[in-house]
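Chemist: got a sequence here, can you model it:
(4 chains)
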Number of protein chains: 2
Amino acid sequence: MPRREPLNRERILDAALVLAGEEGLGGLSMRRLAKALGVEAMALYNHVANKTDILDGIAERVFAEIDRADPDLPWPERLRAMALSTYRVLSRNPVVPMALVTDQANPTSLRAVQPVDDSIGALYEAGFDDDGVRQALGALNSLIFGSLLLTTAGFAREHSNKAEQDQMDVYIRRVDPAKLPHFSRALPALGTGVPEQDFERALDMLLTGLVAAAPGNQLRKGD
Amino acid sequence: MPRREPLNRERILDAALVLAGEEGLGGLSMRRLAKALGVEAMALYNHVANKTDILDGIAERVFAEIDRADPDLPWPERLRAMALSTYRVLSRNPVVPMALVTDQANPTSLRAVQPVDDSIGALYEAGFDDDGVRQALGALNSLIFGSLLLTTAGFAREHSNKAEQDQMDVYIRRVDPAKLPHFSRALPALGTGVPEQDFERALDMLLTGLVAAAPGNQLRKGD
DNA sequence: ACCTGAACACCGTTCAAGT
DNA sequence: ACCTGAACACCGTTCAAGT
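Modeler: A predicted model of the protein is given here:
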């Protein structure tokens, strides 16, 4: 039977998001993606330039889901809302931070950059100069992406399979309380956190420091 | 002429660190590594289990370079010193954070985990309970690894080649000040930062928030 | 206009064979 | 004990050929 529709960019991106969600960035190959679409790998190149183009497309879509914050909120609340929305959207699509950090995607559309523009606006409003804005923006982005990437990997992994879990258990039992007293004390708690809640606590701590460092703040350290 | 030494794990790790430093994680393949050592790829498997074993070995070595902080320092200074040393060591070896985050390495040796133990000790000393320690440790690690990974990738990339730089210039010129006013205002400053200095500012902000959140602190928010 | 088959230059890894 | 060659199951991508 002949295929109904002749395949297009949007359907490729749909399938890529699904496949990446199921198999991760490593499982998203042109050949497997094509197979999921019932087509040969080479057919994809009629609709996308290459694999980077697909990852860019995915990233653009996902970034477009980030909510803009109410502009009437005070600047720290505005930063908090945008950071949290960014975290939530990207934690649902872990391929995107992965692709960004491995330089396989780089969304530049208006929709995608809009949240960054809003955040920078909030920082200027706080009274930071250009250098201060760069530092503060970098701090926020680093915390967001670091939280996402460390949650996806290793310890806090969500979809860890049985074998990995067993291996981790063996390691945990081997930790010597005499040599690593604090680590072995904290170990039971390290696995229990809800990533998003822990991120919120971390974000609040950073925002406390950001507010304290803002030029507009009357209660500066040292006053 | 016959090879002098019969190849061993240490020489493989030496060469892998050099190759990864020059070519990045993507350029570090078993075949290229073998070629650099004047041998066929399959010869490596007599001395290491697989590629993950090599990346683990690299990570172990690099983590062992992290300095321990003076235990007599107050806990915030101790956390600061260890975070900074971790950042410095890993920024010299960007493959390591990359390999960690892509789950290709997971150092677990005593030497490698020691700095984590020290940091956790500092947090217990600050009065945090188990949940607070997990959150604070996650916040610090997220900031460290986020800073490292975002610096390596995209915008702030150090070893960006001419073509990438040109492409970025074109994009920057295309940013519409009418639609992204704050972003286009900040753009000139975004490229100028010294990554390590920006990280220090970010770390200080987070530590300010951490001190404010510490149970031992007398000047709590809300008092 | 769209898709396929064959091919190229790569991967990690296994296994039998060589010295 | 150590290394190699051939092979397997993968990659992304190009290009000529088919419909």
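
Chemist: low-confidence ranges, chain A, go.
Modeler: Counting by pLDDT under 70, chain A contains low-confidence ranges at A:1-4, A:154-165, A:218-223.

Chemist: give me every residue in it lying close to DNA strand D.
Modeler: Counting by Cβ under 7 Å from any atom of the strand, the residues of chain A close to DNA strand D are A:Leu28, A:Ser29, A:Met30, A:Arg31, A:Arg32, A:Ala41, A:Met42, A:Tyr45, A:Asn50, A:Lys51, A:Thr52. (C-beta placed from N, C-alpha, C; glycine too.)

Chemist: could you measure from the second one over to B:Glu23?
Modeler: Spelled out, it's A:Ser29. Note on A:Ser29: its distance to B:Glu23, by Cβ to Cβ, to the nearest Å, is 22 Å.

Chemist: same deal with the first one?
Modeler: To B:Glu23, A:Leu28 is 23 Å away according to Cβ to Cβ.

Chemist: helices or strands up against the longest helix along chain A?
Modeler: Counting by DSSP state H, the longest helix found in chain A is helix A:130-152. Contact partners of helix A:130-152 among helices and strands, from 3 or more Cβ pairs under 8 Å, 6 or more residues apart in numbering or on different chains; DSSP states H and E: helix A:75-92, helix A:95-101, helix A:110-125, helix A:195-213, helix B:95-101, helix B:130-152, helix B:181-190, helix B:195-213.

Chemist: recalculate using a threshold of 7 Å.
Modeler: In this structure, helix A:130-152 packs against helix A:75-92, helix A:95-101, helix A:110-125, helix A:195-213, helix B:130-152, helix B:181-190, helix B:195-213, with contacts taken as 3 or more Cβ pairs under 7 Å, 6 or more residues apart in numbering or on different chains; DSSP states H and E.

Chemist: list the buried residues in the first one.
Modeler: Residues of helix A:75-92 classed as buried under the neighbour-count rule (16 or more other Cβ atoms under 10 Å in any protein chain shown) are A:75-76, A:78-87, A:89-91.

Chemist: got the buried residues for the longest helix of chain A?
Modeler: In terms of neighbour count (16+ other Cβ under 10 Å), helix A:130-152 has its buried residues at A:130, A:132-152.

Chemist: how about it as CSV, C-alpha atoms only?
Modeler: This file holds the C-alpha atoms of helix A:130-152, laid out as CSV (Å, rounded to 0.1, in the frame of the first residue of the first chain):
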residue,chain,number,x,y,z
ASP,A,130,26.5,45.0,31.4
ASP,A,131,29.0,42.9,33.2
GLY,A,132,26.6,42.3,36.1
VAL,A,133,23.9,41.2,33.7
ARG,A,134,26.3,38.7,31.9
GLN,A,135,27.4,37.3,35.3
ALA,A,136,23.9,37.0,36.7
LEU,A,137,22.5,35.5,33.5
GLY,A,138,25.3,33.0,33.4
ALA,A,139,24.7,32.0,37.0
LEU,A,140,21.0,31.4,36.4
ASN,A,141,21.5,29.5,33.2
SER,A,142,24.3,27.4,34.7
LEU,A,143,22.1,26.5,37.6
ILE,A,144,19.2,25.6,35.4
PHE,A,145,21.2,23.5,32.9
GLY,A,146,23.5,22.0,35.6
SER,A,147,20.5,20.8,37.5
LEU,A,148,18.9,19.3,34.5
LEU,A,149,22.0,17.6,33.2
LEU,A,150,23.1,16.2,36.6
THR,A,151,19.5,14.9,37.2
THR,A,152,19.5,13.1,33.9
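
Chemist: which residue does chain A have closest to chain B?
Modeler: Proximity of chain A to chain B (Cβ to the nearest Cβ) peaks at A:Gly146, 2.6 Å away.

Chemist: ok, now which ones touch the residue lying closest to that residue once chain neighbours are set aside?
Modeler: In space, and not counting its chain neighbours, A:Gly146 is closest to B:Gly146: 2.6 Å by Cβ to Cβ, 6 or more residues apart in numbering or on different chains. Neighbour list for B:Gly146: A:Asn141, A:Ser142, A:Leu143, A:Phe145, A:Gly146 [criterion: Cβ atoms under 7 Å, 6 or more residues apart in numbering or on different chains].

Chemist: any idea how far the last one is from A:Pro115?
Modeler: So the one you mean is A:Gly146. Applying Cβ to Cβ to A:Gly146 and A:Pro115 gives a distance of 18 Å.

Chemist: try the third one
Modeler: In this view, A:Leu143 and A:Pro115 are 15 Å apart by Cβ to Cβ.

Chemist: kindly report the same for A:Ala126.
Modeler: Taking Cβ to Cβ, one finds A:Ala126 at 17 Å from A:Pro115.

Chemist: A:Arg88 too?
Modeler: In terms of Cβ to Cβ, A:Arg88 sits 12 Å off from A:Pro115.

Chemist: check A:Asn50 too.
Modeler: Taken as Cβ to Cβ, the span from A:Asn50 to A:Pro115 is 27 Å.

Chemist: looking at the two, which one has more neighbours?
Modeler: A:Pro115 (20 against 11; other Cβ atoms under 10 Å in any protein chain shown).

Chemist: which SS state does the residue nearest to that one when sequence neighbours are not counted fall under?
Modeler: Spatial nearest neighbour of A:Pro115, excluding adjacent residues (Cβ to Cβ, 6+ apart): A:Ile66 at 4.8 Å. Using DSSP: H, G, I helix; E, B strand; the rest coil, the structure places A:Ile66 in coil.
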